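**Q** need coordinates for the below:
(one chain, ligands or ions: 1)
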Amino acid sequence: MIEIEGVTCRYGGGTEKSGDGDGKADGDRVTAVANVTLSIPEGEFLIVAGANGSGKTTLVRTFNGLVTPDSGTVAVNGTPVSDDLVAARTAVGMVFQDPRDQLVASTVGADVAFGPENLGLSHAEIDRRVADALAAVNMTGREDDRIASLSGGERERVAIAGVLAMEPDHLVLDEPFTGLDEPARRSVLDRLRELRAAGTSVIVVTHDLRDVLGLADRVLGLSAGRVAVDAAPREAATDLPELDVRVPEGAFDDRPVNTGADDTASDTVDS
Ligand SMILES: Nc1ncnc2c1ncn2[C@@H]1O[C@H](COP(=O)(O)OP(=O)(O)OP(=O)(O)O)[C@@H](O)[C@H]1O
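**A** Residues are numbered from 1 along each chain as shown. Coordinates of the predicted model:
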């Protein structure tokens with residue numbers, strides 16, 4: 001469970017004067033997130049939507065302490081992030097807006113194995129996680145490819161695999177689909193759906209609601225840092241255009257799964 005209570009985040013300004021939290025500007029400071037309260041339970045697929053600058057990235061970065069709120073609290077699995085940053089970063093896996101920045105090794109396999117190795121897992125477990133994570137991004141068998149020889153989209157997929165291989169309790173993906181081709185996009189969506197069914201909470205920040213809206217349990221729409229929409233996808237779809245978020249035609253028709261599984265099957269937890 002991720003619990004966000006009265007979180008406000010501001011940027012800029014030389015002085016640390018505390019504002020009253022009732023508006024966007026506070027002297028030179030910009031209020032990016034304004035008094036947000038939210039709980040994300042295990043196994044929930046949450047979309048965070050909103051126009052450019054509405055506070056999506058800032059909000060999700062508080063989940064693992066990359067952004068420290070000016071006021072309010074964030075707790076992950078019952079522990080405040082400010083009390084145990086390591087626990088929060090272990091529990092919350094985050095794929096950044098430009099995930100290519102997350103690559104650390106010279107080959108695909110070494111990069112994806114880097115995180116699990118730091119967890120001190122057995123070789124067999126590391127190999128399993130690397131194989132699973134590469135399958136999820138449609139890169140099975142590419143362990144020995146050099147990162148330097150990969151395209152931008154392939155690097156993005158390796159970065160996503162690196163976070164998947166950590167098997168975090170909560171997975172946050174900030175605009176994860178931008179550079180992905182269609183097969184990779186569908187493969188990642190399939191895996192997100194499986195993870196959700198197995199109890200991982202999946203939080204996707206995106207402008208592009210194609211395919212994902214029908215997968216989500218809940219949609220959070222931000223406007224000027226505030227929660228303007230918090231609803232099930234079908235209900236949210238009627239309100240999102242007011243936040244300048246486009247709802248694609250047939251958003252609920254598409255089946256992103258290419259494995260033959262259907263909604264009913266994916267909702268069955270079989271572990
Ligand atoms: N490092 C920063 N320094 C100053 N202001 C910032 C910083 N990061 C974000 N902001 C401001 O905070 C507000 C919210 O930004 P944020 O990146 O959280 O929005 P977003 O909804 O994720 O935007 P986008 O869809 O463009 O990625 C914006 O007004 C932005 O200009």
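**Q** how about low-confidence regions in the stretch 151-271 of the chain?
**A** For the stretch 151-271 of the chain, the stretches with pLDDT under 70 are 253-271.
**Q** what segments of it are strands?
**A** Counting by DSSP state E, counting those that start in this stretch, the segments of the stretch 151-271 of the chain that form strands are 170-174, 201-205, 218-223, 226-231.
**Q** how much space separates residue 224 from the ligand?
**A** Plainly put, residue 224 is 9 Å away from the ligand if you go by Cβ to the nearest ligand atom, to the nearest Å. C-beta: built from backbone N, CA, C; applies to glycine.
**Q** equivalent analysis for residue 119, please.
**A** From residue 119 over to the ligand the distance is 29 Å, taken as Cβ to the nearest ligand atom.
**Q** can I assume that residue is in contact with residue 167?
**A** No. Using Cβ atoms under 8 Å, residue 119 is not in contact with residue 167; the gap is 9.2 Å.
**Q** more neighbours: which of those two?
**A** residue 167 (19 against 13; other Cβ atoms under 10 Å).
**Q** contact partners for the more buried one?
**A** residue 129 (Cβ atoms under 8 Å, 6 or more residues apart in numbering).
**Q** same deal with residue 164?
**A** Shown in contact with residue 164 (Cβ under 8 Å, 6+ apart): 93, 132, 133, 136, 137, 171, 191.
**Q** right, and residue 233 touches residue 212 too?
**A** No. Contact criterion Cβ under 8 Å: residue 233 and residue 212 do not qualify, at 9.0 Å.
**Q** need the overlap of contacts for these two.
**A** residue 47.
**Q** so which of those two has more stuff around it?
**A** Neighbours per residue, other Cβ under 10 Å: of residue 233 and residue 212, the larger number sits with residue 212, 27 against 21.
**Q** quick check: the more buried one touching residue 206?
**A** Yes. Between residue 212 and residue 206 there is a contact under Cβ under 8 Å: 6.3 Å.
**Q** who touches both of these two?
**A** The contact sets of residue 212 and residue 206 overlap at residue 47 (Cβ under 8 Å, 6+ apart).
**Q** just put the strands of the stretch 151-271 of the chain in a markdown table and tack on mean neighbour count.
**A** Shown next, in a markdown table, are the strands of the stretch 151-271 of the chain (neighbours: other Cβ atoms under 10 Å):
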| stretch | mean neighbour count |
| --- | --- |
| strand 170-174 | 24 |
| strand 201-205 | 24 |
| strand 218-223 | 23 |
| strand 226-231 | 18 |
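**Q** of all those strands, which lies closest to residue 238?
**A** Nearest to residue 238, of all the strands of the stretch 151-271 of the chain, is strand 226-231, at 8.9 Å by Cβ to Cβ.
**Q** so what secondary structure elements neighbour that closest one?
**A** For strand 226-231, the packing partners by 3 or more Cβ pairs under 8 Å, 6 or more residues apart in numbering; DSSP states H and E come out as strand 29-40, strand 218-223, helix 233-239.
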